[in-house]
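Q: Need coordinates for the following:
(one chain, ligands or ions: 1)
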Amino acid sequence: MTAGERVAIVGAGVAGLTTAVVLAEAGVSVHVVAEQVPGVTSLAAGAMWGPYLVEPKDKVDQWGQRSLEVFRELTADPATGVRLTSGIEASRTAEAPPDWATALPGFRACELAELPTGFASGYRFTVPLIDMPVYLGYLLRRLDAARGTIERRRLGSLADAGPASVIVNCAGLGAQGLVPDSGLRPIRGQHVVVTNPGLTEFFSEDTGLSPDLLCFYPHGDSVVLGGTAIDGEGDLTANDKVAANILARCAEVEPRLVDARVLEHRIGARPTRSAVRVEAECREDATVVVHNYGHGGAGVTLSWGCAEEAANLVAAANR
Ligand SMILES: Cc1cc2nc3c(=O)[nH]c(=O)nc-3n(C[C@H](O)[C@H](O)[C@H](O)COP(=O)(O)OP(=O)(O)OC[C@H]3O[C@@H](n4cnc5c(N)ncnc54)[C@H](O)[C@@H]3O)c2cc1C
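A: Residues are numbered from 1 along each chain as shown. Got it, this is the predicted structure:
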């Protein structure tokens, strides 16, 4: 790739901004086009590193491990919003730990006495927690420093993002219409952000495929409480009843949350498909589109691994 060739990136969520940063810092001329800057789904994430509602496992492991390395490095700078945080994932039944957790620092099985009432098994580990509004702001600054440009615009087609030698599709759920991809579907998630009554550790219940989740992630002065996973729903309006249930579930596990003041509701639709799509496609008009979308409930977790693979595909297309 020569520095003069422009690459257009559609989308300014975590997928688009990370891909843009990787390319721009490699000397590529990058122009991001997106309706939302940053993407609202990415803003809504909790966010904890860890795979959830995403396939295929072998690639997810590989992309996730690479991203974990980068997030660990980013914890050195508080301005990134990434912090290594210790906490517990627990279940109301006796469950084996997920394999992605066992290799994390500080991993150990919990004593029953450490678990909230009603829980039968649990594991403690230390993992990156990512404060998404802060982190996406950091990515935007890093892109700007690498001379990447951003344009706020809704596109009717991927080709409208040009002129460019390659178009990178990081449109998240927008890829449904832009590709088009009928295999992509929303899984709605709602979070409630409250004042932090003094929590320093995360908690997450292993709820399997239940639509009702229970998790809380402290980010300094605030805590993100979750959540939901409603398959097929993409409505982004805050639902007061859902929010009240989230607060009640979290307060039952952590009574200090009972009096926490609600600051904000964050709602997003996880862009989900049978497998994350990171691949190059040569279109009928000879345009090369590199796809990087469909990250389900793990777009933050996979962001650096997927971005680097997408950047390699861009480089190969321009050779
Ligand atoms: C409640 C919730 C909790 C989550 N928690 C976690 C977590 O803890 N860890 C984790 O790893 N992941 C988590 N996720 C998943 C993660 O948020 C997503 O996988 C990720 O944000 C997807 O990023 P994206 O950049 O592909 O999409 P988005 O953030 O949706 O960005 C898409 C971009 O494309 C643009 N776009 C789309 N269509 C068009 C168009 N036609 N024209 C112009 N621009 C367009 C949008 O404007 C936007 O800028 C969570 C998600 C939710 C909803």
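Q: longest helix anywhere in the chain?
A: helix 57-74 (DSSP state H).
Q: Just confirm yes or no for it near the ligand.
A: No. Contact of helix 57-74 with the ligand (CB under 6 Å from any ligand atom) is absent, the minimum separation being 8.5 Å. Heads up, the C-betas are built off the backbone N, CA and C, glycines and all.
Q: Likewise for stretch 124-133?
A: No. Stretch 124-133 is not in contact with the ligand by CB under 6 Å from any ligand atom; minimum separation 7.4 Å.
Q: quick one on the thing from earlier: show me what the longest helix of the chain is packed against.
A: strand 82-91, strand 121-130, helix 303-318 (3 or more CB pairs under 8 Å, 6 or more residues apart in numbering; DSSP states H and E).
Q: ok, the nearest residue to S91 once chain neighbours are set aside to the ligand distance?
A: Among residues not flanking S91 along the chain, D206 sits closest, at 4.2 Å (CB to CB, 6 or more residues apart in numbering). In this view, D206 and the ligand are 14 Å apart by CB to the nearest ligand atom, to the nearest Å.
Q: Dump the helices and strands packed on helix 57-74 to a markdown table, plus mean pLDDT.
A: As requested, these are exported to a markdown table (pLDDT from 0 to 100):
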| stretch | mean pLDDT |
| --- | --- |
| strand 82-91 | 97 |
| strand 121-130 | 97 |
| helix 303-318 | 97 |
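Q: so can I have TSV of these showing distance to R270?
A: Listed next are the helices and strands packed on helix 57-74 as TSV, based on distance: least, CB to CB, whole Å:
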stretch	distance to R270
strand 82-91	19
strand 121-130	16
helix 303-318	14
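Q: can you redo the ones you listed as TSV with mean neighbour count?
A: As requested, the helices and strands packed on helix 57-74 are arranged in TSV below (neighbours: other CB atoms under 10 Å):
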stretch	mean neighbour count
strand 82-91	20
strand 121-130	22
helix 303-318	23
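Q: about what we covered before: count the neighbours of the residue nearest to S91 for me.
A: The tally of other residues near D206 (other CB atoms under 10 Å) stands at 20.
Q: tell me which parts of the stretch 201-319 of the chain are close to the ligand?
A: Within the stretch 201-319 of the chain, the residues that sit near the ligand (CB under 6 Å from any ligand atom) are 227, 268, 270-271, 293, 295-301.
Q: before we move on, back to that, compare the helices and strands packed on helix 57-74 and give me the one nearest G64.
A: Nearest of those to G64, taken as CB to CB: helix 303-318 at 6.5 Å.
Q: Contacts for the closest one next, please.
A: 1-2, 5, 7, 14-15, 18-19, 21-23, 26, 28, 62-67, 69-71, 165-166, 168, 170, 276, 278-280, 288, 290-292, 295 (CB atoms under 8 Å, 6 or more residues apart in numbering).
Q: One more pass at 6 Å, please.
A: Identification of contacts with helix 303-318 by CB atoms under 6 Å, 6 or more residues apart in numbering yields 1, 5, 7, 14, 18-19, 22-23, 63, 66-67, 70, 165-166, 278, 280, 288, 290, 292.
Q: Outline the domain layout of this structure.
A: Split into domains by automatic domain parsing, the chain comes to 1-81+131-184+273-319, 87-127+186-271.
Q: Among the residues of the stretch 201-319 of the chain next to the ligand, which one lies nearest to L257?
A: G227 (13.9 Å).
Q: got the contact list for the closest one?
A: By CB under 6 Å, 6+ apart, the contact set of G227 is 189, 191, 213.
Q: Quick check on the nearest residue to the last one once chain neighbours are set aside: phi, psi?
A: Okay, so that is L213. Closest residue to L213 apart from its sequence neighbours, by CB to CB, 6+ apart: G227 at 4.1 Å. Phi and psi for G227, reported as degrees, to the nearest 10, are phi -180, psi -160.
Q: Next, the buried residues of stretch 110-124.
A: 115-116, 119, 121-124 (16 or more other CB atoms under 10 Å).
Q: wait, stretch 190-202
A: Of the residues in stretch 190-202, 190-194, 196, 199, 202 count as buried by neighbour count, 16+ other CB under 10 Å.
Q: TSV please, covering those residues and showing pLDDT and secondary structure.
A: Below are these laid out as TSV (pLDDT from 0 to 100; DSSP: H, G, I helix; E, B strand; the rest coil):
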residue	pLDDT	secondary structure
Q190	98	strand
H191	98	strand
V192	98	strand
V193	98	strand
V194	98	strand
N196	98	coil
L199	98	coil
F202	98	strand
